[in-house]
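Participant: attaching a predicted model along with its sequence, questions to come.
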Amino acid sequence: MELTTRIAEVTAKTTYDDLSAEDVLAAKMAILDTLGVMLAGSGAGEGVEGVMGLVGALGGAEECTLMAQGAKTNPVLAALGNGALAHSIDYDDAHDDAFVHPSASVVPAALVVGEYAKASGRDLITAVVLGDDVICRLGYAVTNPAANQGLLWMLPVLLGTFSATVAASKLLGLDVDATENALGLAYNRAGGTKELVIEPGALRGLYAMFPNMTGVLAALMARRGVPGLKEAFDGTAGFFNLYYGGVRDEGAFDDFGQRFEGTEVSIKPWPCCRFTNSCVDAALRIARDNDLDPADVARITVFYAADDAKRCVEPLEMRRAPQTIPEAKLSLPFTVAQALAYRKLEIGDFSVAALADPLLRELCAKTDAAYDAALESDFSKTMLPGRVRVELANGTVYDERVDIVYGHPRNRMAWPDLVGKFRDCASYAKRALSAEEVEAIAALVEHLEEVEDVSVLMEAVS
């Protein structure tokens with residue numbers, strides 16, 4: 001069966017009652033996490049003002065909420081504007097083995113269409129489960145084969161086109177044929193290359209606007225009876241043949257519709273490069289477990305095995321003295337210093353003032369890096385083990401290794417900690433939210449299956 005048809009059938013036929021408790025929890029965590037990151041992006045995301053300004057200038061029927069803007073527009077423009085927020089501060093969730101940021105290309109579209117269709121909380125949860133599952137399985141399909149390594153497609157944009165379409169189609173209640181049409185329509189707008197990350201600039205953070213807008217547009221068109229391609233994935237000029245020369249992992253969809261991959265998505269616990277996270281985790285454990293006084297530190301060593309982590313320590317002199325906030329987020333010396341000095345890493349810890357912090361500069365200067373073959377691991381493609389060694393002036397040594405970083409599904413983030421991340425993110429929203437409003441939003445998502453109309457959630461974040 002053509003993959004387009006298989007995806008359409010699972011999308012149309014899956015109901016909330018088909019989901020496990022773990023599926024539901026993962027979806028609610030994805031929704032709260034993405035809402036928080038979007039709120040932070042509304043006030044702190046680079047380039048978002050231009051996108052929101054365009055959306056406001058274009059106008060449109062006041063049907064769907066623009067996050068933290070105090071305004072509404074039509075669903076397509078709302079998906080464009082809200083989608084621009086979801087990755088704008090690079091703090092959204094990730095699948096460490098499918099090479100995608102799933103929810104940034106699913107949740108904004110689902111929230112927009114959920115409000116437009118006056119869907120229930122259960123409907124929203126189901127749509128997010130389905131959308132996240134599709135983008136992760138497509139990620140496996142195209143990245144597992146060795147022949148596809150090194151290709152420069154931007155997967156959250158390219159594959160997110162289909163996952164956003166799945167979420168929007170589900171919330172509009174499209175049947176199998178209409179969902180198939182929506183996917184076939186979306187394929188005509190699929191694209192996105194890693195030039196987004198090769199070139200410096202804010203567009204890297206804005207990319208989620210493209211798949212979210214396309215997914216909502218395609219689903220709305222299909223609802224109106226606009227026909228789509230029927231062999232969008234397997235056709236002669238279909239997705240796999242055109243983008244990947246026909247090479248794919250045939251097993252990526254083996255248990256499709258029976259198990260949902262969203263439960264394997266990691267919540268990002270700190271607003272810095274994913275490849276620094278295991279060492280940050282280790283440093284936090286050292287600082288908290290030993291009541292570390294940073295003034296006593298004589299030397300710090302961060303250990304790595306994989307090239308991705310190595311890039312966060314080389315060239316060492318530059319990584320010891322980052323000049324910009326993006327450089328700081330990519331620096332193992334800086335992020336480990338933050339963890340040791342202040343026992344936390346939040347959005348505000350990456351600032352111009354932090355770059356000049358004398359304590360952080362001193363700790364960075366004391367940091368060296370070393371290769372450790374024992375950190376080689378095949379546990380995950382990108383979630384790499386890390387190790388930090390801290391030597392004190394009195395000769396005491398603390399040495400901590402982390403194999404499975406906090407926030408990974410095998411070390412899942414606790415709900416109260418996710419709410420803490422949400423609070424931090426919400427404090428950067430363009431429209432100031434009171435503490436009571438923030439707690440009410442978190443409670444709504446925690447009990448989302450009881451919500452009859454998700455419009456109340458969107459009103460809360462407007």
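Facilitator: Perfect, thanks for sending it. As the structure is a prediction and not an experimental result, all values here were calculated from the model. Numbering: from 1, shown residues only.

Participant: confirm that Asp378 lies within a strand, as I assumed.
Facilitator: No. Judged by DSSP: H, G, I helix; E, B strand; the rest coil, Asp378 forms no part of a strand; its state is coil.

Participant: what about it, how many residues close to it?
Facilitator: Asp378 has 5 neighbouring residues, counting by other Cβ atoms under 10 Å. Glycine gets a C-beta too; all of them are placed from N, C-alpha and C.

Participant: quick check: phi and psi at it.
Facilitator: phi -110, psi 20 (degrees, to the nearest 10).

Participant: from Ala282, how far off is it?
Facilitator: Taking Cβ to Cβ, to the nearest Å as the measure, Asp378 falls 20 Å from Ala282.

Participant: quick check, Glu195 in contact with Gly201.
Facilitator: No. Using Cβ atoms under 8 Å, Glu195 is not in contact with Gly201; the gap is 10.2 Å.

Participant: and the residue of the chain most remote from its centre, what does it touch?
Facilitator: In the chain, counting by Cα atoms, centre = their mean, Asn394 sits farthest out from the average C-alpha position, at 42.3 Å. Taking Cβ atoms under 8 Å, 6 or more residues apart in numbering, we find Asn394 in contact with Asp296.

Participant: roughly how far apart are it and Asp293?
Facilitator: 11 Å.

Participant: what does Cys136 give?
Facilitator: For Cys136, the distance to Asp293 - Cβ to Cβ - is 43 Å.

Participant: quick one, which of these two is more surrounded?
Facilitator: Taking neighbours as other Cβ under 10 Å, Cys136 and Asp293 compare with Cys136 leading, 25 against 11.

Participant: I'd say the more buried one and Val100 touch.
Facilitator: Yes. Cys136 lies in contact with Val100 (Cβ under 8 Å); the separation is 6.3 Å.

Participant: burial count for Glu398?
Facilitator: Quick fix: residue 398 reads Tyr, not Glu. 19.

Participant: and it, which of the three is it?
Facilitator: Three-state call for Tyr398 (three-state DSSP): strand.

Participant: just the pLDDT for it.
Facilitator: Tyr398 carries a pLDDT value of 98.

Participant: same check, this time on Phe379
Facilitator: pLDDT at Phe379 comes out at 80.

Participant: what's near enough to touch the nearest residue to it once chain neighbours are set aside?
Facilitator: Among residues not flanking Phe379 along the chain, Asp403 sits closest, at 6.8 Å (Cβ to Cβ, 6 or more residues apart in numbering). Applying Cβ under 8 Å, 6+ apart, one finds that Asp403 lies in contact with 278, 377, 379, 385.

Participant: then stretch 157-177 to PDB, C-alphas only?
Facilitator: C-alpha atoms of stretch 157-177 as PDB (Å, rounded to 0.1, in the frame of the first residue of the first chain):
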ATOM      1  CA  VAL A 157      11.000  21.600   7.600                       C
ATOM      2  CA  LEU A 158      10.900  18.900   4.900                       C
ATOM      3  CA  LEU A 159       9.300  16.200   7.000                       C
ATOM      4  CA  GLY A 160       7.400  18.600   9.200                       C
ATOM      5  CA  THR A 161       5.300  19.500   6.200                       C
ATOM      6  CA  PHE A 162       3.700  16.100   6.400                       C
ATOM      7  CA  SER A 163       3.400  15.900  10.200                       C
ATOM      8  CA  ALA A 164       1.700  19.300  10.400                       C
ATOM      9  CA  THR A 165      -0.700  18.200   7.700                       C
ATOM     10  CA  VAL A 166      -1.500  15.000   9.700                       C
ATOM     11  CA  ALA A 167      -2.300  17.000  12.800                       C
ATOM     12  CA  ALA A 168      -4.400  19.600  10.900                       C
ATOM     13  CA  SER A 169      -6.300  16.900   9.000                       C
ATOM     14  CA  LYS A 170      -7.100  15.000  12.100                       C
ATOM     15  CA  LEU A 171      -8.500  18.100  13.900                       C
ATOM     16  CA  LEU A 172     -10.600  19.000  10.900                       C
ATOM     17  CA  GLY A 173     -12.100  15.500  10.900                       C
ATOM     18  CA  LEU A 174     -11.000  14.600   7.400                       C
ATOM     19  CA  ASP A 175     -11.800  11.100   6.100                       C
ATOM     20  CA  VAL A 176      -9.200   8.800   4.600                       C
ATOM     21  CA  ASP A 177      -9.600  10.100   1.000                       C
END
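
Participant: report the buried residues of that stretch.
Facilitator: 157-172, 174, 176 (16 or more other Cβ atoms under 10 Å).

Participant: for Leu25, grab phi and psi.
Facilitator: According to degrees, to the nearest 10, Leu25 has phi -60, psi -40.

Participant: for Ala168, which non-adjacent residue is closest in space?
Facilitator: Ala219 (3.6 Å).

Participant: again with Ala147
Facilitator: Excluding the flanking residues, the one nearest Ala147 by Cβ to Cβ, 6+ apart is Val247, at 4.9 Å.

Participant: burial of that neighbour, as a residue count?
Facilitator: Quick note: Val247 (other Cβ under 10 Å) scores 16 neighbours.

Participant: for it, give its distance to Asn181.
Facilitator: Distance from Val247 to Asn181, by Cβ to Cβ: 27 Å.

Participant: how's the chain carved up into domains?
Facilitator: 3-269+414-460, 274-405 (automatic domain parsing).

Participant: deepest-packed of these, please.
Facilitator: Among the domains of the chain, domain 3-269+414-460 has the highest mean neighbour count (mean count of other Cβ atoms under 10 Å), at a mean of 22.

Participant: and that one, how far out from the chain middle?
Facilitator: Its chain's C-alpha centre and that of domain 3-269+414-460 lie 10 Å apart, by Cα atoms, centre = their mean, to the nearest Å.

Participant: now that domain: average pLDDT?
Facilitator: In the prediction, domain 3-269+414-460 has an average pLDDT of 97.

Participant: quick one: contacts for Ala429?
Facilitator: Here Ala429 is in contact with 39-40, 42-43, 68 (criterion: Cβ under 8 Å, 6+ apart).

Participant: secondary structure and distance to Ser455 added to those residues, as JSON lines?
Facilitator: Output for the contacts of Ala429, formatted as JSON lines (DSSP: H, G, I helix; E, B strand; the rest coil; distance: Cβ to Cβ, whole Å):
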{"residue": "Leu39", "secondary structure": "helix", "distance to Ser455": "17"}
{"residue": "Ala40", "secondary structure": "helix", "distance to Ser455": "23"}
{"residue": "Ser42", "secondary structure": "helix", "distance to Ser455": "19"}
{"residue": "Gly43", "secondary structure": "helix", "distance to Ser455": "23"}
{"residue": "Ala68", "secondary structure": "coil", "distance to Ser455": "16"}
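
Participant: lovely, talk soon.
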